[in-house]
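Engineer: sequence first, then the predicted structure:
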Amino acid sequence: METKISVQTTQMKQVIFTLGEEEFGLDIMLVNAIEKYTDLIPIPNAPSYIRGIINLRGDVIPVFSLRKKFGLADKEADDNTKLIVTKSNGIFLAYEVDAVKEILEIPAEHLSETPAIVKSIHTSYIQCVANINGRMILLLNHDGILSDKEQENIQSIMSNQ
């Protein structure tokens, strides 16, 4: 039995991206830009989930690996690799993703609560699940992606730049 979630709007517009074979969504209203992958400047002694920094129109932005966050194997960047630039908990950063597939409006009736067995402090980044024509898309809780420790590390790295 699926539990439908209550959503204030009748639909959610999401940037749908992939990591491996899985699809994820991030609210389009929280996305500042979607950029082509560019050469990163590595940061010595940075945590493994920080891929480096980029200079984007004069702003120095850390690049965060969602593959590392979600426990997926590393993958070389290719022509499909994108950077989703956003601001999370007051920190500008770019999420490195395998590919951005589409912008999708998801009607509320296609949204379900995250299954209880999956919910934990380590999965607070999952807001809900969308089921669109057999596609299961994990919609992310933007401010739940970075742990407190990850936020502190990023702020520390950026203050030293």
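Structural biologist: That came through fine.

Engineer: ok, and the closest non-adjacent residue to the most centrally placed residue in the chain?
Structural biologist: Among the residues of the chain, residue 95 comes closest to the average C-alpha position under Cα atoms, centre = their mean, at 5.6 Å. In space, residue 95 comes closest to residue 84 once its chain neighbours are excluded; the distance is 4.5 Å by Cβ to Cβ, 6 or more residues apart in numbering. Glycine gets a C-beta too; all of them are placed from N, C-alpha and C.

Engineer: and residue 43, how far from residue 157?
Structural biologist: When Cβ to Cβ, to the nearest Å is applied, the distance between residue 43 and residue 157 equals 6 Å.

Engineer: who touches both of the two?
Structural biologist: Shared contacts of residue 43 and residue 157, defined by Cβ atoms under 8 Å, 6 or more residues apart in numbering, comprise 50, 53, 62.

Engineer: coming back round to it: list the contacts for the residue nearest to the centre of the chain?
Structural biologist: 26, 63, 64, 66, 83, 84, 86, 145.

Engineer: so where's the longest helix in the protein?
Structural biologist: When every helix of the chain is counted residue by residue (DSSP state H), the longest turns out to be helix 148-159.

Engineer: quick one on the thing from earlier: and of the shared contacts of residue 43 and residue 157, the nearest to residue 70?
Structural biologist: Lowest distance from residue 70 to the shared contacts of residue 43 and residue 157 (Cβ to Cβ) belongs to residue 50, with 15.2 Å.
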